[in-house]
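*Asks:* can you look at this prediction? I've put the sequence above it.
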Amino acid sequence: MKKNTGKNQMNRKKFEEVFEKHGYRDYKWIDPRQIVVAQWARMKCTFGCKNYGKCGTCPPNTPSVAEVKEFIREYKTCAVFRFTKRVVRPEDRFAWTRKVNSKLLNLEREVFLSGYYKAFLLFMDSCHLCSSCPGIKQLCKQPKMSRPSPESMAIDVFATVQKISFPIEVLYDYKQEMNRYAFLFIE
């Protein structure tokens with residue numbers, strides 16, 4: 001077991017070089033067992049999000065809470081990336097999200113191509129890769145690139161990122177600086 005832990009530490013240094021190359025400096029490592037998956041988070045998507053049923057990577061097009069817990073248990077390490085932004089109007093965040101998520105896909109691909117075939121990214125927000133989404137996973141225009149957000153996977157982002165001392169709070173105005181988080185699972 002200790003040998004594997006040492007290997008993971010050595011790999012982290014390699015990954016950190018790749019993260020730096022892609023311009024990512026604001027991230028932290030988390031043991032996936034620390035990630036909080038909760039039914040209430042899924043209920044917020046189901047009953048509190050305008051994207052429910054309108055995005056192929058949002059509920060009801062995502063795995064059950066139990067399946068998400070099983071998925072996370074299959075990984076030994078995860079990098080959590082922090083992104084901050086202020087927007088004037090709520091819809092202004094979508095262009096920013098599209099750009100960030102597209103860049104993150106390049107990072108996931110490089111990790112995958114370096115031999116970590118289980119690399120899997122959770123976007124920092126709803127997919128937004130396309131200007132219009134058919135809302136059905138099977139009709140997705142970019143199925144190889146679309147990814148769910150942590151929230152759509154029933155992850156309690158607040159509780160999870162607080163465990164690794166990242167800032168997060170409920171915002172009352174879109175003009176406040178947002179703290180958004182993407183998760184890259186590596187095995």
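*Replies:* Good, I have the coordinates.
*Asks:* where does this protein dip in pLDDT?
*Replies:* 1-10 (pLDDT under 70).
*Asks:* run through the bridge partners of the residue nearest the centre of the chain.
*Replies:* Using C-alpha atoms, centre = their mean, the residue of the chain that lies closest to the mean C-alpha position is residue 122, 2.7 Å off. Under DSSP bridges, the beta-bridge partners of residue 122 are residue 183.
*Asks:* pretty sure residue 82 sits in a helix.
*Replies:* No. Applying DSSP: H, G, I helix; E, B strand; the rest coil, one finds residue 82 to be strand, outside a helix.
*Asks:* spatially nearest residue to it (excluding sequence neighbours)?
*Replies:* residue 26 (4.5 Å; C-beta to C-beta, 6 or more residues apart in numbering). Yep, even glycine has a C-beta here, placed from its N, CA and C like the rest.
*Asks:* surely that neighbour and residue 83 touch.
*Replies:* Yes. Between residue 26 and residue 83 there is a contact under C-beta atoms under 8 Å: 7.5 Å.
*Asks:* neighbour count winner among the two?
*Replies:* Higher neighbour count among residue 26 and residue 83: residue 83, with 19 against 12, using other C-beta atoms under 10 Å.
*Asks:* could you check the distance from that one over to residue 131?
*Replies:* Per C-beta to C-beta, to the nearest Å, residue 83 is found 21 Å from residue 131.
*Asks:* and the residue nearest to the centre of the chain, how far is that from residue 89?
*Replies:* Taking C-beta to C-beta, one finds residue 122 at 25 Å from residue 89.
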